[in-house]
Structure formats: C-alpha cells, structure tokens
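S.K.: Kindly return the folded structure for what I paste below:
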Amino acid sequence: MVENQNCNDEETRSPGLLGPIRSIGRGIFNQFKIITGSAFGRIGLIGMTVFFIMAIFAPYLAPYLPYKETYHLNGDLAFLEPPSWEHLFGTTLMAQDLLSQIIWGTRRTLVIGLSAAFGAAFIGTNIGLIAGYFGGKVDLFLMRLTDIAYGLPFLPFAMVAVLIFGRGDMVLVLVISSILWRTTSRVIRSQVLTLKERPFISAAKTMGASSSRIIYRHIMPNVIPLSFLYSLIIAGDAVLIEASLSFLGLGNPNTISWGQILFYCFSSQRMRVAWWWGFFPGLCIVLLVLSAFFIGRSYEETINPRLREM
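M.R.: Okay, the predicted model is just below:
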C-alpha cells in the first residue's frame, strides 16, 4: 500500500507527456461517441466523410484533369456544355470538366478550413485555459487582447494581410486562425472559472500537482467538447472566408478551390448563361458548412440537454 501511494505521489509530481496525451486521446474517443449518438451528428459525419473521400481519392474519382480541355467525339472543344452523362456538372468557358475541378478543389478547401479551425481552436483553448485558471493580471491582459481581436474587421484585415504576405495557403490559414479564436477563448475561460473551484481541483493542488498538470490533465478533458464544438463552427466560417477571398481574386492562383471556380465564373460574366458553373461549387460550399453545423448541433445537444426535447 505504501509503495502504491509513493508511486501515485510520484506520478502526481511528474506529469510528463503521457498523462496529457492519454487524456486527449480519451477525450477524442468520447467526441466520436457524442457525434454518432445524435441524428444530426450522423448526418453531418456522413457528409464530412463524403468530402474527405473526395479529397483523398481525387486522382481516382475525377474523370478528367482539372485544367485540361475536354473534347467532343468530333474533335470540337466542349465549351460551356450543360450537365450531361459525359460531363455530369457541365464544363467551363475553357472546356474544362467542372466535376473534376470540384473534386480536386475539395482538397484545398478542406485543408484550409480544417487547418484554420484547428489553429484557432488551439489558440483559443489555451488562452481560455490560462486566463481562467490563473486569473488576475494574466486574465485581464488576455481578455483585453481578445477584445482587440474582436475589434478588428475580419475581411478587410484578411485582404490587407494577403496583399502584404502573399496569396499562399499558409498565409490564409494563419490569417483565419489569428482572428477566429476569439469566441473559443471566452467560452473556455468561463468554463474554467467554474471548473477550478471543483473539489477534484482542490484535491490535486493538495497532492502537489503543478499548474500545468492541473490545466492539461484535469481541466482540459472537461472543456474538450466545447473546444470541438467551436472548432467545427470555425471550420464552417473558414470555408466561407476562403471562398470569399478566392472569389475576390485573393486566393492562391496555383491551386484550385471552390471559391476560385466561382471567381472564374463571375469574372467571365457567364453566371447567367452557364448556371451550372456557379451552382455546383456553391452547393458544395453549402453542404460542407451544413455538415460541420450538424456535427456541432450534436455537441450542443450534449452541452445543453434542453435541446434534446426539441
């Protein structure tokens, strides 16, 4: 018994890396159970899975190369062809197959959206954890920093940043992440303010646990559902922001995305003539954002039980 007690005390004093990693792993597994336990979550998960399959297997699913011209059997270029069995989503002004462009564009849209969501959630969660746990001047400084971030007009800020640092994908991810962490930090902070007064936190302090161990081993697993919820909301916002910037001509010209397809459609002044050129990429943006929303709705049912009765 004494030996076990000494081992427990030693583990409490030396958190290392395995403890937080195990806690995060258990938290992620629990999130999957939350998603699949809701009808909204299952619908959103199916939609997100379809888009992931499109992104991963794009070279095998796309019938044509995205920038390669297509031809009729008689050798003529297939300019602005409406949807048909040969071209399910039609073709563009440059005789490119629209379905192939959308499939390939899924990669960039998902990479930017999910990377920005992860970055924003990581920043917001850590700021909320630190501000809520330590309080005082640390809390005051971090919350004033959050207020400054709220005061920045996002789209003009993103446009200026892209014009200064370039139109690369990494720039877009950093710009989106540097702004969209605001709400996550405040929500996580409010939750931490409640959690740090719980008896299990007092017990951990009594046993000599360090502040980092308490924050990332005891408090963080309890706020992971909130962090996942807001990361999904951020993912939807990031997809819309990337599409907006690409539509304005500020996207990366070397890679294809749904927003870039809309930009070429609008700039060619063929939106009314070739309705399919703008309809299908716009529909994919809506479906992807809805999938993220439905998954987020399953988290809201867990966090707010009153929604289960609706």
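S.K.: what ranges do the helices span in the stretch 201-310 of the chain?
M.R.: 211-213, 220-247, 258-267, 275-303 (DSSP state H, counting those that start in this stretch).
S.K.: The ones you listed: which one's closest to Pro63?
M.R.: With Cβ to Cβ, the closest approach to Pro63 among those belongs to helix 275-303: 14.4 Å. (C-beta placed from N, C-alpha, C; glycine too.)
S.K.: Could you list the low-pLDDT ranges of the stretch 1-150 of the chain?
M.R.: 1-32, 34 (pLDDT under 70).
S.K.: rerun that using 50 as the cut-off
M.R.: 1-15 (pLDDT under 50).
S.K.: thinking again about what came up before, next, format the helices of the stretch 201-310 of the chain as a markdown table and append mean neighbour count and distance to Arg108.
M.R.: A markdown table is the format used below for the helices of the stretch 201-310 of the chain (neighbours: other Cβ atoms under 10 Å; distance: least, Cβ to Cβ, whole Å):
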| stretch | mean neighbour count | distance to Arg108 |
| --- | --- | --- |
| helix 211-213 | 14 | 36 |
| helix 220-247 | 23 | 8 |
| helix 258-267 | 21 | 8 |
| helix 275-303 | 19 | 12 |
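S.K.: nearest spatial neighbour of Arg297, skipping sequence neighbours?
M.R.: Spatially, and ignoring its direct neighbours in sequence, Arg297 is nearest to Phe40 (4.2 Å; Cβ to Cβ, 6 or more residues apart in numbering).
S.K.: Now do the contacts for that neighbour.
M.R.: Residues in contact with Phe40, defined by Cβ atoms under 8 Å, 6 or more residues apart in numbering, are Phe294, Ile295, Arg297, Ser298, Glu301.
S.K.: Grab the nearest non-local neighbour of Tyr67.
M.R.: Tyr67's closest residue in space is Gln96 (Cβ to Cβ, 6+ apart), at 6.2 Å.
S.K.: Give the buried residues for the helix or strand that Arg144 is a member of.
M.R.: Using DSSP states H and E, the element containing Arg144 is helix 136-151. Residues Asp139, Leu142, Met143, Thr146, Ala149 are the ones in helix 136-151 that count as buried (16 or more other Cβ atoms under 10 Å).
S.K.: and after it, which helix or strand comes next?
M.R.: helix 154-165.
S.K.: quick one: the most centrally placed residue in the chain and Asp139, what's the gap?
M.R.: Central residue of the chain (Cα atoms, centre = their mean): Ala235, 2.7 Å from the mean position. According to Cβ to Cβ, to the nearest Å, Ala235 and Asp139 sit 28 Å apart.
S.K.: which SSE is the nearest residue to Thr255 once chain neighbours are set aside in?
M.R.: In space, and not counting its chain neighbours, Thr255 is closest to Arg108: 5.0 Å by Cβ to Cβ, 6+ apart. Using DSSP H and E, Arg108 sits in helix 98-134.
S.K.: okay, the angle between that helix and helix 258-267?
M.R.: Angle between the axes of helix 98-134 and helix 258-267 is 130 degrees (criterion: axes from the mean of the first three to the mean of the last three Cα atoms, to 10 degrees).
S.K.: returning to what we had before: does the residue nearest to Arg297 sit in a helix, a strand or a coil?
M.R.: Put simply, Phe40 is helix when judged by DSSP: H, G, I helix; E, B strand; the rest coil.
S.K.: Against Ile46, how distant is it?
M.R.: For Phe40, the distance to Ile46 - Cβ to Cβ - is 11 Å.
S.K.: what's the answer for Ala243, then?
M.R.: 22 Å.
S.K.: any idea how far Phe52 lies from Leu288?
M.R.: Applying Cβ to Cβ to Phe52 and Leu288 gives a distance of 10 Å.
S.K.: any common contacting residues for the two?
M.R.: Shared contacts of Phe52 and Leu288 (Cβ under 8 Å, 6+ apart): Leu110.
S.K.: ok, Val192 - contacts?
M.R.: Gly128, Leu129, Ala131, Gly132, Tyr133, Ile219, Val223.
S.K.: And Ser178, by the same measure?
M.R.: Counted by Cβ under 8 Å, 6+ apart, Ser178 has contacts Ile123, Ala149.
S.K.: wait, is it part of a strand?
M.R.: No: per three-state DSSP, Ser178 lies outside any strand segment and is helix.
S.K.: got CSV for the contacts of Val192, with distance to Leu88 too?
M.R.: Below are those laid out as CSV (distance: Cβ to Cβ, whole Å):
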residue, distance to Leu88
Gly128, 45
Leu129, 48
Ala131, 51
Gly132, 51
Tyr133, 53
Ile219, 50
Val223, 44
